[in-house]
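>>> my questions are about this predicted structure, shown below with the sequence.
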Amino acid sequence: MTETTEPQVPPSLHAQDAAPATPAHAEMIRVTGGEFLMGSEHHYPEERPVHRVQVDGFWIDRTPVTNREFRRFVESTGYVTFAEIAPDPRDYPGALPHMLKAGSLVFTPPRGAVDLRDWSQWWQFRFGAFWRRPSGPGSSLAGLEEHPVVHVAYRDAEAYARWAGKELPTEAEWEFAARGGLDGAEYAWGDEFTPGQRHMANTWQGEFPHENTRADGFARTSPVTAYPPNGYGLYDMIGNVWEWTTDWYGARHEVSPAGACCAAKNPRGAAEQGSYDACMPAIRIPRKVLKGGSHLCAPNYCRRYRPAARHAEPIDTSTGHVGFRCIIRGAA
């Protein structure tokens, strides 16, 4: 779905009696605000330039939202996700009619090496795939209750956050939290990817996308507390699933002239108009910033398992490797 297509949200979603019974701060970590160096000069162009940023304090979920938590939201409200609604042909000019069915993108590894410039070699739009059926019809959440929920489009994440009395983080808030107090470090845990040969996050081992050695024990997503937390006590800020932020995507960080000498306070990224994909001029779907990388990030492809890494995602798109977590802004 696009920005113009609203999901089916019952009126009760915004009612007080539809809110979760547990306190909003439960299972959250308080992150004291401060300054940090945002971005990186050493990897992908969109991570540049490095610039100093200041963020106010906030509470943040200690893990990504799990299938168990998202199920509770859906059962409390009757919410229907974007992946469960057939696309409107008017929003996708030129789309093949037989493809305009409800579904989502599912990672389907090829049998051998392929051109890494062609993501269609490993992503398949599968009819009937959504958060309850992560691999499509016939699949289920059995054994995945504590895994991060996936196949959630941006508006799905927003709807959950509203229900929970929370918000989605900005890119700057997310990156500050992911660094865990290690300002300027390459990874959320330091400067070595696998210190002492220990896997610190759920990423891909082997040659992506056809060879998965599963050296860390997981073929796809993992339980949200399977890996060590960062310095703030936050789990899965790196790897497992990408996470939505509220910022519109820009090809580079936007830094004001004052940024050369002064820290930008609580920046909000690019303008919506600049977030559209120039490679798809006929389909005007704005894009948000994803952060954190996923279990599909590999040394030979998408080395985005770092706090500074960022990726563009259309707001109408859901996949099997994108989830989210929430924050609450304000005083402790």
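Good, I have the coordinates.

>>> with adjacent residues omitted, what lies nearest to residue 141?
residue 67 (5.0 Å; CB to CB, 6 or more residues apart in numbering). Any C-beta I mention is one placed from the backbone N, CA and C, and that applies to glycine too.

>>> tell me how far that neighbour lies from residue 287.
Separation of residue 67 from residue 287 (CB to CB, to the nearest Å): 26 Å.

>>> if we can go back for a sec, near the residue nearest to residue 141, how many other residues are there?
Residue 67 has 21 neighbouring residues, counting by other CB atoms under 10 Å.

>>> give the contact list for it.
131, 141, 144, 145, 146, 147, 148, 149 (CB atoms under 8 Å, 6 or more residues apart in numbering).

>>> could those residues go into a markdown table alongside secondary structure and distance to residue 235?
Formatted as a markdown table, the contacts of residue 67 follow (DSSP: H, G, I helix; E, B strand; the rest coil; distance: CB to CB, whole Å):
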| residue | secondary structure | distance to residue 235 |
| --- | --- | --- |
| 131 | coil | 20 |
| 141 | coil | 19 |
| 144 | coil | 16 |
| 145 | coil | 16 |
| 146 | coil | 11 |
| 147 | coil | 12 |
| 148 | strand | 10 |
| 149 | coil | 15 |
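
>>> out of these, which are buried?
By neighbour count, with 16 or more other CB atoms under 10 Å, those hold 131, 141, 144, 146, 147, 148, 149 as buried.

>>> ok, the second one to residue 322 distance?
Using CB to CB, one gets 17 Å for the distance from residue 141 to residue 322.

>>> by contact count, what packs against the lowest-mean-pLDDT helix or strand in the chain?
Using mean pLDDT, DSSP states H and E, the weakest-scoring helix or strand in the chain turns out to be strand 264-265, at a mean of 93. Strand 264-265 sits against strand 51-55, with contacts defined as 3 or more CB pairs under 8 Å, 6 or more residues apart in numbering; DSSP states H and E.

>>> tell me the strands beside whichever helix or strand comes after the strand it packs on, with direction?
Using DSSP states H and E, the next helix or strand after strand 51-55 towards the C-terminus is strand 58-61. Strand 58-61 has its sheet partners listed here by DSSP bridges as strand 28-31 (antiparallel), strand 327-329 (antiparallel).

>>> quick one: mean pLDDT for strand 58-61?
For strand 58-61, the per-residue pLDDT values average out at 98.

>>> mind checking how far it is from the chain centre?
16 Å (CA atoms, centre = their mean, to the nearest Å).

>>> just how off-centre is the next helix-or-strand element following that strand within its chain?
In the C-terminal direction, the helix or strand that comes right after strand 58-61 (DSSP H and E) is helix 67-77. In terms of CA atoms, centre = their mean, the centre of helix 67-77 is found 19 Å from the chain centre.

>>> same for the following helix or strand past helix 67-77, what does it pack against?
Heading C-terminal from helix 67-77, the first helix or strand you meet, by DSSP H and E, is strand 103-107. Contacts defined by 3+ CB pairs under 8 Å, 6+ apart place strand 103-107 against strand 123-127.
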